[in-house]
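J.: Sequence plus the predicted model coming up.
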Amino acid sequence: MQAGKLIGYIVAAILLFFGVLWMWAAPANESPWLTLLTGIIMVGIALVIIIAIKLTEPKPEQKVEITTKLDLRGNMNLERLKCRSCGGDLSKKSIQVVSGGVLITCEYCGSTYMLEEEPKW
């Protein structure tokens, strides 16, 4: 906990304590409305300090992980992929999944195209 937050919480606790004390003592005082108002102001300042400290706390990072699973049904034959333009062998570095489609970038000639899957029927 940072020193500023700790000091803020201590000041807020003191203000809350004395604010409630002033509000309880208001009926026994000569000017109860002024004492009550002072207590309410102290409690209000304490609540503002606590809310300000809570709002300035950094929010935890949310990590989003997307996993794509490919379900291959039927008889599958493993083939080497070759570039449509130059006929060079493509490696894993050449293949990317972009917006649900498979994008191929040839390492040799630099051509880029989307891999199209033909229907199985």
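T.: Right, received. Where do you want to start? Fair warning: this is a prediction, and the values are worked out from it, not measured in the lab.
J.: For the residue most central in space within the chain, give me its contacts.
T.: Central residue of the chain (C-alpha atoms, centre = their mean): Gln62, 3.4 Å from the mean position. Contacts for Gln62 were tallied using C-beta atoms under 8 Å, 6 or more residues apart in numbering; there are none. For every residue, glycine as well, the C-beta is placed using N, CA and C.
J.: same check, this time on Gly39
T.: So Gly39 contacts Phe18, Gly19, Val20, Leu21, Trp22, Met23, Trp24, Ala25, Ala26 (C-beta under 8 Å, 6+ apart).
J.: Could you report the separation of it from Leu15?
T.: 10 Å (C-beta to C-beta, to the nearest Å).
J.: Could the C-alpha coordinates of stretch 56-68 be exported in CSV?
T.: Below are the C-alpha coordinates for stretch 56-68, written out as CSV (Å, rounded to 0.1, in the frame of the first residue of the first chain):
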residue,chain,number,x,y,z
THR,A,56,-7.6,6.1,-8.2
GLU,A,57,-6.6,2.4,-7.6
PRO,A,58,-5.4,0.9,-10.9
LYS,A,59,-7.7,-1.7,-12.4
PRO,A,60,-6.3,-5.2,-12.9
GLU,A,61,-5.4,-6.1,-16.5
GLN,A,62,-7.7,-8.5,-18.2
LYS,A,63,-6.0,-11.1,-20.3
VAL,A,64,-8.0,-12.5,-23.2
GLU,A,65,-6.8,-15.8,-24.8
ILE,A,66,-8.5,-17.1,-27.9
THR,A,67,-8.0,-20.8,-28.8
THR,A,68,-9.0,-22.2,-32.1
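J.: ok now it, how far from the chain's centre?
T.: 4 Å (C-alpha atoms, centre = their mean, to the nearest Å).
J.: Mind checking the pLDDT average for it?
T.: Mean pLDDT, stretch 56-68: 83.
J.: Okay, now the unreliable bits of the chain?
T.: 1, 70-79, 119-121 (pLDDT under 70).
J.: Off-centre distance for the strand or helix carrying Val97?
T.: Applying DSSP states H and E as the criterion places Val97 in strand 95-98. Counting by C-alpha atoms, centre = their mean, strand 95-98 is centred 26 Å from the centre of its parent chain.
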